[in-house]
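**Student:** Quick one, fold the following:
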Amino acid sequence: MSVPVPATRPHRIRGRIGVGLAGGFYPAPQRYQLYLSEACPCSGRVAVVLDLLGLKGALTTTVLKLPAETPDAFASLRGAYEATWHHYDGPLTAPALCDRWSGRVVSNHTPDILRDLAGLLADGACESALDRLERQLAYRPYVLGDELGTADRDLWVTLTHLDHFDAAGTLAPYRHIEEYVRRLGDHPDLSADER
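**Tutor:** Model (predicted):
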C-alpha cells in the first residue's frame, strides 16, 4: 500500500496588479509592500527601477539582511507567504511584492513585479519622476550612460506595460521617453522573454 505524498506548492507566486481585478489587486497609494534582499541581484534590479522612476514613496520597501539582523522583516514576510498559502513550507524569496490590505504575497516573480510597477505609474504616483527621466533622456541615449544596460532593460519592461494600466497615455507628453521606449523595442539585444 502506498502512502500519498502531500503535494508541495510551487514557490513561484505570480499574481498581478491590475490583471484580473476580481482578484482585488489594483493600484492604490501605499497599498503594496516590497521586500528586497540585500544580497539578491533580482532585488537589485527592482531597486534600480524604483529609484529611476521615483517610486520609493509609492510603496513601502523593506530590505532584508541576515535573518538575525532583520528578524521582524523576516517574520512579516513569513506571515505574507503563510497568508497566501496555508502552511507554506517553501523558501522566503525576495523580491516579493505584498498586498498590505490582505497581507498576501502578490508576486515573487521579478519580471511580473517590474511590469506591475507600471500600475503605480499609471496611478499618478510619479509624474515628477517621469519629468526627471524625460530630462535625463534628453541628454543621453540610455538611463545610466551611453550603452544599453540592465537598468534600461528593466525600465523598458515597466514603461512598455504602462499602456496596460493607463489608456489615457501617460507617456504621451514625454517625447524623449516615448522615443526611448520605441528605440529599445527595436533593439536587437533585447531578448524575446523581455518583450
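
**Student:** Might you report the residue contacts of the closest residue to Arg175 other than its chain neighbours?
**Tutor:** Distances taken as C-beta to C-beta, 6 or more residues apart in numbering put Glu134 closest to Arg175, at 7.6 Å, once the chain neighbours are dropped. Bear in mind the C-beta positions are built from the backbone N, C-alpha and C, glycine included. The contact partners of Glu134, taken as C-beta atoms under 8 Å, 6 or more residues apart in numbering, are Tyr174, Arg175, His176, Ile177.

**Student:** so how far is the helix or strand containing Glu134 from its chain's centroid?
**Tutor:** Using DSSP states H and E, Glu134 maps to helix 127-139. Counting by C-alpha atoms, centre = their mean, to the nearest Å, helix 127-139 is centred 20 Å from the centre of its parent chain.

**Student:** in stretch 171-187, what's buried?
**Tutor:** Leu171, Tyr174, His176, Ile177, Glu178, Tyr180, Val181, Leu184 (16 or more other C-beta atoms under 10 Å).

**Student:** ok, residues contacting that stretch?
**Tutor:** 130, 133-134, 137-138, 141, 148, 152-153, 156, 159-160, 162, 190, 195.

**Student:** Spell out the residue ranges of the strands in this structure.
**Tutor:** Assigned by DSSP state E, the chain shows strands spanning 32-37, 60-64, 96-99, 105-107.

**Student:** Would you mind telling me which of those is nearest Glu82?
**Tutor:** Closest of the strands of the chain to Glu82 is strand 105-107, at 9.6 Å (criterion: C-beta to C-beta).

**Student:** neighbouring contacts of that closest one?
**Tutor:** By C-beta under 8 Å, 6+ apart, the residues outside strand 105-107 that reach it are 13-17, 25, 32, 80-81, 83-84, 96-99, 113, 116.

**Student:** Now the buried members of the residues you listed.
**Tutor:** Of the contacts of strand 105-107, these count as buried by 16+ other C-beta under 10 Å: 13, 15-17, 25, 32, 80-81, 84, 96-99, 113, 116.

**Student:** Serialize the strands of the chain to CSV and add fields for distance to Leu121 and mean pLDDT.
**Tutor:** Conversion of the strands of the chain to CSV gives the following (distance: least, C-beta to C-beta, whole Å; pLDDT from 0 to 100):
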stretch, distance to Leu121, mean pLDDT
strand 32-37, 13, 95
strand 60-64, 16, 94
strand 96-99, 15, 96
strand 105-107, 16, 95
